[in-house]
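S.K.: need the 3D shape of this:
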Amino acid sequence: PDDARWLIAWCAAKQHQTDAFQLVGRVAEAQATIAVVVTALEGLVKKDRANRDWQAELAASLVRQAYVGAAANDTYVADAASSHAISILERIADNEDAHADSSLFGWLSRAWRVRAVIALQGGRQKAASDAAQRALDHATTSSASGDVDDEALADRANALLTLGAVEQAQIPDALPAAWTQAHALLAARAPGSHDWRLLDPWLRVCRLTGDDAGARVALTRLNASGYVPLQPWPPDTGQTSSASEGDQHVE
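M.R.: Got it, this is the predicted structure:
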């Protein structure tokens, strides 16, 4: 604990462990693991508040904590962690050329998406709409330059899914335009992917928009991997699809 280099390495390993617990649905273990990481990183940041890398690591861990908190219906933890993460990330972005590190905007997008979900669950549609739009704006910024990787593409799709949920709450009988946009965004890459980061939002948007063939392939691949979503997938439409699946390994 007195050697910052080893403590940072330990925190990184525990972050990966949190992700692993999260991916197979072991939410309580993910919560316990990330809480220890957040405490350790908060201690480091207090020692050197000018260390940008430590602040960014703390923010990323707080976003992880917010996600698993939301999955466990612990709104207090999810709200506090996402708010703290946003304040850190926005401060970093204000003090440097943040565009040199697009991952900052990815974490900002995820933090704002948690806040949108919390607001929507609480019936605060205006706050949910604002937070979802911020999530989409940051995800778009993250993927604005160069080749868009799977994680950045998934952030945009997930933000659109959340924005669509807000739109549906406002106009229940209409198919949200954001869901149609998310389907179009993922359609070029997700059907041939074996990456859970794309397959999870692809399954969601396919079910929401009635693309049963796409949903079945995504579900088969995700189930074969042992993946468990933090938030339940939308219900199946019940229609039979003729889609077949070959390689079922999720990388």
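
S.K.: for the helix or strand that contains residue 83, buried residues please.
M.R.: Assessed by DSSP states H and E, residue 83 sits inside helix 75-95. Across helix 75-95, burial judged by 16 or more other CB atoms under 10 Å covers 77, 78, 79, 81, 82, 84, 85, 86, 88, 89, 92, 93. In this view, the C-beta of every residue, glycine as well, is placed from N, C-alpha and C.

S.K.: return the distance of stretch 158-173 from the chain's centre.
M.R.: Computed by CA atoms, centre = their mean, to the nearest Å, the chain-centroid distance of stretch 158-173 equals 16 Å.

S.K.: list the buried residues of that stretch.
M.R.: So, applying 16+ other CB under 10 Å, buried residues of stretch 158-173: 158, 159, 160, 161, 162, 163, 164, 165, 166, 167, 168.

S.K.: next: stretch 133-141.
M.R.: Buried positions in stretch 133-141, judged by neighbour count with 16+ other CB under 10 Å: 133, 134, 135, 136, 138, 139, 141.

S.K.: follow-up on the earlier one: looking at the buried residues of stretch 158-173, which is nearest residue 199?
M.R.: Distance to residue 199 across these (CB to CB) is lowest for residue 158, with 12.2 Å.

S.K.: pLDDT at that closest one, what is it?
M.R.: pLDDT for residue 158: 96.

S.K.: for residue 147, same thing?
M.R.: For residue 147, the predicted pLDDT is 68.

S.K.: against residue 69, how distant is residue 17?
M.R.: Residue 17 is 17 Å from residue 69, where distance means CB to CB, to the nearest Å.

S.K.: okay, these two: which has more neighbours?
M.R.: Looking at residue 17 and residue 69 with other CB atoms under 10 Å, you find the greater number of neighbours at residue 69, namely 26 against 15.

S.K.: is the more buried one within a helix or a strand, and which one?
M.R.: helix 52-71.

S.K.: mind listing what the closest residue to residue 199 other than its chain neighbours touches?
M.R.: Using CB to CB, 6 or more residues apart in numbering and skipping residues adjacent in sequence, the residue nearest residue 199 is residue 218, 4.6 Å away. By CB atoms under 8 Å, 6 or more residues apart in numbering, residue 218 lies in contact with 190, 199, 200, 202, 203, 206.

S.K.: closest to residue 172 among those?
M.R.: So of these, ranked by how close each gets to residue 172 (CB to CB), first place is residue 206, at 20.4 Å.

S.K.: now do the contacts for the closest one.
M.R.: Applying CB under 8 Å, 6+ apart, we find residue 206 in contact with 183, 212, 213, 214, 215, 218.

S.K.: picking that back up, find me the pLDDT at the residue nearest to residue 199, would you?
M.R.: Turning to residue 218, the model gives it a pLDDT of 95.

S.K.: flag every buried residue along the host helix or strand of it.
M.R.: Under the criterion of DSSP H and E, residue 218 resides in helix 212-225. Buried residues in helix 212-225, counted by 16+ other CB under 10 Å: 212, 214, 215, 216, 217, 218, 219, 220, 221, 222, 225.

S.K.: hmm, back to that, quick check, nearest of the contacts of residue 206 to residue 54?
M.R.: Among these, and counting by CB to CB, the member closest to residue 54 is residue 218, at 37.2 Å.

S.K.: that older thread, report the rounded mean pLDDT for the helix or strand that the helix holding residue 83 is followed by.
M.R.: Later in the chain than helix 75-95, the nearest helix or strand by DSSP H and E is helix 103-121. Helix 103-121 shows an average pLDDT of 94 in the prediction.

S.K.: quick one: the helix or strand following helix 103-121 to helix 75-95, angle?
M.R.: Counting by DSSP H and E, the element after helix 103-121 in chain order, helix or strand, is helix 125-142. With axes from the mean of the first three to the mean of the last three CA atoms, to 10 degrees defining the directions, helix 125-142 sits at 40 degrees from helix 75-95.

S.K.: and helix 125-142, how far from the chain's centre?
M.R.: Mean C-alpha position of helix 125-142 versus that of the full chain (CA atoms, centre = their mean) differs by 13 Å.
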